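Chemist: Model the structure of this input:
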Amino acid sequence: MAGPRVPDAGDGADDGTVTLPCGESVHRGEFDLGMREYECACGERHAVVMDMHPPSRFVPEDVVEVLRASVTPSDDDAFEEFGTPHLMGSVMEEFPEEVVVVDASKDGTVGYALLWVAAFDARTLHEHVVELVVELMEHAVSHTRDDGAQGEFETQMLDFDVEGFVDAYRSEREWERER
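Modeler: Below is the predicted model of the structure:
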């Protein structure tokens, strides 16, 4: 199964500024490694994801392992295994005007190579990622020759509550307050 496209990183002017989805500009040094949200001058909180953030930020590690075993990045993909860049690529495909990506790989002062900043907050991003992972899993199950597996997955998804899952997962991970 082919994996989702990882978009070319593109924002981040030569002066180190990042133009956020809301139109505000900030220096890429404003984003630190532990940050999950950015409190913007526009009054909104923007979700922040960096390339070193594990996909288990959004889904349990056993789901990540299944995704890594099932999704093979293309030969020209910069990333050898399924990970956060692929998840964020999926989000960008779904919400192209609401997420900016910054390639900071040549800026050794910031501590990250790729940065994504969304127009929406971290919780909303979490919900979008979970929905996209479920769609990816549904697509994978639809290609199986086991009708029982397809039916079981569909039945389980009828009872799956994305908001409830995100609430429980964030509580389990103790993300009461985004930074």
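
Chemist: Extract the CA atoms of the helix or strand bottoming out on mean pLDDT in the chain and return them as PDB.
Modeler: Within the chain, judged by mean pLDDT, DSSP states H and E, the helix or strand with the poorest mean is helix 147-159; its value is a mean of 77. Once non-C-alpha atoms are left out, helix 147-159 reads as follows in PDB (Å, rounded to 0.1, in the frame of the first residue of the first chain):
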ATOM      1  CA  ASP A 147     -14.500 -10.400   4.400                       C
ATOM      2  CA  GLY A 148     -14.700 -11.200   8.100                       C
ATOM      3  CA  ALA A 149     -11.900  -8.700   8.900                       C
ATOM      4  CA  GLN A 150     -13.600  -6.100   6.800                       C
ATOM      5  CA  GLY A 151     -16.900  -6.600   8.500                       C
ATOM      6  CA  GLU A 152     -15.300  -6.700  12.000                       C
ATOM      7  CA  PHE A 153     -13.500  -3.400  11.300                       C
ATOM      8  CA  GLU A 154     -16.600  -1.700  10.000                       C
ATOM      9  CA  THR A 155     -18.500  -2.900  13.100                       C
ATOM     10  CA  GLN A 156     -15.800  -1.600  15.400                       C
ATOM     11  CA  MET A 157     -15.800   1.700  13.700                       C
ATOM     12  CA  LEU A 158     -19.500   2.200  14.200                       C
ATOM     13  CA  ASP A 159     -18.800   2.300  17.900                       C
END
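
Chemist: which stretches of the chain form helices?
Modeler: 61-70, 84-94, 122-142, 147-159, 162-172 (DSSP state H).

Chemist: Rounded mean pLDDT for the first one, please.
Modeler: Confidence for helix 61-70, expressed as mean pLDDT, is 88.

Chemist: Just the C-alphas of it, formatted as PDB.
Modeler: Taking Å, rounded to 0.1, in the frame of the first residue of the first chain, the C-alpha atoms of helix 61-70 are listed here in PDB:
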ATOM      1  CA  GLU A  61       2.500   2.900  19.800                       C
ATOM      2  CA  ASP A  62       0.900  -0.400  18.800                       C
ATOM      3  CA  VAL A  63      -1.100   1.400  16.200                       C
ATOM      4  CA  VAL A  64       2.100   3.200  15.000                       C
ATOM      5  CA  GLU A  65       3.700  -0.200  14.700                       C
ATOM      6  CA  VAL A  66       0.900  -1.500  12.500                       C
ATOM      7  CA  LEU A  67       1.100   1.600  10.400                       C
ATOM      8  CA  ARG A  68       4.800   1.200  10.000                       C
ATOM      9  CA  ALA A  69       4.400  -2.500   9.000                       C
ATOM     10  CA  SER A  70       1.600  -1.600   6.600                       C
END
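
Chemist: Much appreciated, bye for now.
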